[in-house]
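*Asks:* following is a predicted model, sequence given first.
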Amino acid sequence: MDRIISGVIESVIYFGIGLLLCIIGYKLLSLSKKFNLDKEIDNHNMAAGFAVAGMFIAIAIIISGVIQ
């Protein structure tokens, strides 16, 4: 039972770390562009949406490799 609880706690911690790193990556991507990504996504700009989605997928792949 202790092994299950520790696994759940570790998963929650890794989820928090992964989410924090995704937020930091999004902020860094926003700072590196001359336009506002939030406004572009609100205006239904597909290219901006794909760029952000690709960035989230790339960061998730990197984080999952580091966590394992």
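*Replies:* Yep, that arrived. Numbering: from 1, shown residues only.
*Asks:* and stretch 36-47, what's its mean pLDDT?
*Replies:* The pLDDT scores in stretch 36-47 average 89.
*Asks:* what about I24, how many residues nearby?
*Replies:* Around I24 there are 11 other residues, counting by other Cβ atoms under 10 Å. Quick note: C-beta positions are derived from backbone N, CA and C, even for glycine.
*Asks:* packing partners of the host helix or strand of it?
*Replies:* Per DSSP states H and E: I24 is located in helix 2-32. Applying 3 or more Cβ pairs under 8 Å, 6 or more residues apart in numbering; DSSP states H and E, we find helix 2-32 packed against helix 37-42, helix 46-67.
*Asks:* which residue packs closest to the residue nearest to the spatial centre of the chain, ignoring adjacent ones?
*Replies:* The chain has C22 as the residue nearest its centroid, 2.5 Å off, counting by Cα atoms, centre = their mean. The shortest distance from C22 to any non-neighbouring residue, by Cβ to Cβ, 6 or more residues apart in numbering, is to I59 (5.4 Å).
*Asks:* for G25, same thing?
*Replies:* In space, G25 is closest to I59, 4.7 Å off (Cβ to Cβ, 6+ apart).
*Asks:* I'd like to know how far I5 sits from K39.
*Replies:* As defined by Cβ to Cβ, to the nearest Å, I5 lies at a distance of 44 Å from K39.
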